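Trainee: Okay, here's the prediction I keep looking at, along with the sequence it came from:
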Amino acid sequence: MVGASASGGVSRAAPVLALASGALALAGCNAKNAYVAPPPPKVVVAQPVQQPVTLYIELTGNTLPFNSVDLVARVQGYLESIDYKDGALVARGAQLFGIEQDQYRAQIEQAKASLVNAQAQQVYNQAEYQRQSTLGRQDFATQATIQQWKSNVDQSGASILNAKAAIELANINLGYTRVLAPFDGVVTHHLADVGALVGVTGPTKLATIVQTDPMYVYFNLSEPQVLRIKESNAKAGLPFRTTDLSSIPVEIGLQGEDGYPHRGHMDYASPQVDQSTGTLLVRAIFDNKDQTLLPGLFVRVRTPIGHLDKAVLTSNDAIGTSQEGSYVLVVGPDNVVQRKVVKTGDREGQLRIVESGLDSGDWVVTAGLQRAFPGAKVDPQKTTLASAASEAPGAPSLAADPPAAK
């Protein structure tokens, strides 16, 4: 009986232990499955910067040489010499081509002989006129004879002038046999070879000389840009047109160059807008002693039209667009993202001018934009735009996100 009671007691305790073990296991299971909210996503924020900014108009232009002249043979003859190397830089007055001179030297001698003959004829006519005049006073010569010899004197004088002009013309033609450089420049390859007959039916093109220092850059201002410049000048108390265009700076950059490293100044502006295109032709001039600029290049052009003493700028990548216009995402004191509609201006490197809608104390989301949306709570990593622009070490590093739509 005692054994039976013990056995029965053990059998009743087993279910109780099993239930207790199950309850503990269930309690442990519930503790592991409890929901834990993820931490807010990290984003990089920076306050806008305030700094003086010059406003520019950015355009496209093309380079043209300061001078470009076709070298031609102005007289007929065989080409005797080519006195330069194709593509060489030559100085003003240097001989580039030589044309045979024999016939032109002969023409000079012929004209000189005609001059001597005319001078001799004038001496004779003058002496005879004096003799006939003396005879006329003695009534041994008629007035008609005297007048005839006076006419002969005048004709011989005209013959002398004609002979002198012929000598001068022959000297000019002789000078044309030497094709000289009209200015310092680079000469293209020759278009006629030694021994070729040139100048037969008219001037024969031999080569082209190009002066590339300084260099011209031509560009066109649209009608809205012209009006914008006019408005800017009016605010500054300046006339719309000025005779001293050299005071207006112009900067250009070539394809593949960063920024606008070449600096010059405005040189010419057309007096009227082209009605067919609605543009105003403008020309700038640049030093080109190092021959960096070549004629015919397309260049990026910018010229200042105004200045802001305290412009508000933020990262250009932080600006998105929507149906409302441009906007930025800012983080408030409670770390909640808000969207602000802004009005943007010109771009300054990696920054963009914000004309309105943004306060200087706002913390703008500049990186991690994909993880930030209005109403979401974030973990802001504060930095400065200066550090972000220069990629200073120590700035918070986040996975790259695609920039907001511009």
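Mentor: Received, thanks.
Trainee: Could you list everything Phe97 pairs with in the sheet?
Mentor: Legend: beta-bridge partners of Phe97 under DSSP bridges are Ile82, Val179.
Trainee: what about it, how many residues close to it?
Mentor: Phe97 has 24 neighbouring residues, counting by other Cβ atoms under 10 Å. Any C-beta I mention is one placed from the backbone N, CA and C, and that applies to glycine too.
Trainee: I'd guessed it sits against Val179; true?
Mentor: Yes: between Phe97 and Val179 there is a contact under Cβ atoms under 8 Å: 3.9 Å.
Trainee: Overlap in contacts, these two.
Mentor: Listed contacts common to Phe97 and Val179 are 71, 73, 206; contacts here mean Cβ atoms under 8 Å, 6 or more residues apart in numbering.
Trainee: got a list of what the second one touches?
Mentor: Pointing back at Ala73 there. So Ala73 contacts 79, 97, 99, 176, 179, 192, 198-199, 203-204, 206 (Cβ under 8 Å, 6+ apart).
Trainee: can these go into CSV with extra columns for secondary structure?
Mentor: Formatted as CSV, these follow (DSSP: H, G, I helix; E, B strand; the rest coil):
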residue, secondary structure
Leu79, strand
Phe97, strand
Ile99, strand
Tyr176, helix
Val179, strand
Ala192, coil
Val198, strand
Gly199, coil
Pro203, coil
Thr204, strand
Leu206, strand
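Trainee: which one among the residues you listed gets closest to Gly157?
Mentor: Nearest to Gly157 among those: Tyr176, at 29.4 Å, using Cβ to Cβ.
Trainee: where's the closest one relative to Thr188, distance?
Mentor: 20 Å (Cβ to Cβ, to the nearest Å).
Trainee: go on, Gln138?
Mentor: Distance from Gln138 to Thr188, by Cβ to Cβ: 76 Å.
Trainee: Comparing those two, which residue is more hemmed in?
Mentor: Neighbour count, other Cβ under 10 Å: between Gln138 and Thr188, Thr188 has more, with 16 against 7.
Trainee: May I have the phi/psi pair for that one?
Mentor: phi -70, psi 180 (degrees, to the nearest 10).
Trainee: just checking, it touches Leu206?
Mentor: No: shown here, Thr188 and Leu206 do not form a contact pair, counting by Cβ under 8 Å, at 9.7 Å.
Trainee: From the structure, what's the count of residues near Gly61?
Mentor: By the measure other Cβ under 10 Å, the count of residues near Gly61 is 20.
Trainee: what bridges to it?
Mentor: Phe219, Val299.
Trainee: Contacts only, for it.
Mentor: 217-220, 252, 284, 298-299, 301.
Trainee: now those residues in CSV, with pLDDT, neighbour count and distance to Leu385?
Mentor: Shown next, in CSV, are these (pLDDT from 0 to 100; neighbours: other Cβ atoms under 10 Å; distance: Cβ to Cβ, whole Å):
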residue, pLDDT, neighbour count, distance to Leu385
Val217, 97, 24, 33
Tyr218, 97, 16, 37
Phe219, 95, 22, 32
Asn220, 94, 19, 35
Ile252, 95, 26, 28
Ala284, 95, 30, 32
Phe298, 95, 11, 32
Val299, 96, 24, 30
Val301, 95, 25, 27
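Trainee: need those residues in a markdown table with distance to Val210, can you?
Mentor: Listed next are the contacts of Gly61 as a markdown table, based on distance: Cβ to Cβ, whole Å:
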| residue | distance to Val210 |
| --- | --- |
| Val217 | 15 |
| Tyr218 | 16 |
| Phe219 | 20 |
| Asn220 | 23 |
| Ile252 | 19 |
| Ala284 | 18 |
| Phe298 | 18 |
| Val299 | 17 |
| Val301 | 22 |
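Trainee: residue ranges for the helices of the stretch 101-250 of the chain, please.
Mentor: 102-137, 143-176, 223-235 (DSSP state H, counting those that start in this stretch).
Trainee: Any chance of those in a markdown table with mean neighbour count as columns?
Mentor: Supplementary listing: these in a markdown table, determined by neighbours: other Cβ atoms under 10 Å:
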| stretch | mean neighbour count |
| --- | --- |
| helix 102-137 | 15 |
| helix 143-176 | 15 |
| helix 223-235 | 14 |
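Trainee: rank the ones you listed by mean pLDDT and give me the bottom one.
Mentor: Among the helices of the stretch 101-250 of the chain, helix 223-235 has the lowest mean pLDDT, at a mean of 80.
Trainee: Now do that one: which elements does it pack against?
Mentor: Applying 3 or more Cβ pairs under 8 Å, 6 or more residues apart in numbering; DSSP states H and E, we find helix 223-235 packed against strand 49-73, strand 279-286, strand 298-315.
Trainee: Recalculate using a threshold of 10 Å.
Mentor: strand 49-73, strand 204-222, strand 279-286, strand 298-315 (3 or more Cβ pairs under 10 Å, 6 or more residues apart in numbering; DSSP states H and E).
Trainee: Would you mind confirming that Asp267 is in contact with Ser247?
Mentor: No: the criterion here is Cβ atoms under 10 Å, and Asp267 misses it with Ser247 at 11.5 Å.
Trainee: Of those two, which one has the most company?
Mentor: Counted by other Cβ under 10 Å, Asp267 and Ser247 do not tie: Asp267 has more neighbours, with 18 against 9.
Trainee: Three-state assignment for that one, please.
Mentor: Here Asp267 is recorded as strand under three-state DSSP.
Trainee: Show me what the residue lying closest to it once chain neighbours are set aside bridges to in the sheet.
Mentor: Among residues not flanking Asp267 along the chain, Ile285 sits closest, at 4.2 Å (Cβ to Cβ, 6 or more residues apart in numbering). Counting by DSSP bridges, Ile285 is bridged to Tyr216, His265.
Trainee: Asp258 versus Ile285, what's the distance?
Mentor: In terms of Cβ to Cβ, Ile285 sits 23 Å off from Asp258.
Trainee: out of those two, which sits in the more crowded spot?
Mentor: Higher neighbour count among Ile285 and Asp258: Ile285, with 18 against 7, using other Cβ under 10 Å.
Trainee: got the contact list for the more buried one?
Mentor: 66, 214-217, 245-246, 250, 264-268 (Cβ atoms under 10 Å, 6 or more residues apart in numbering).
Trainee: And Pro65, by the same measure?
Mentor: Pro65 neighbours (Cβ under 10 Å, 6+ apart): 185-186, 208-216, 288, 293-296.
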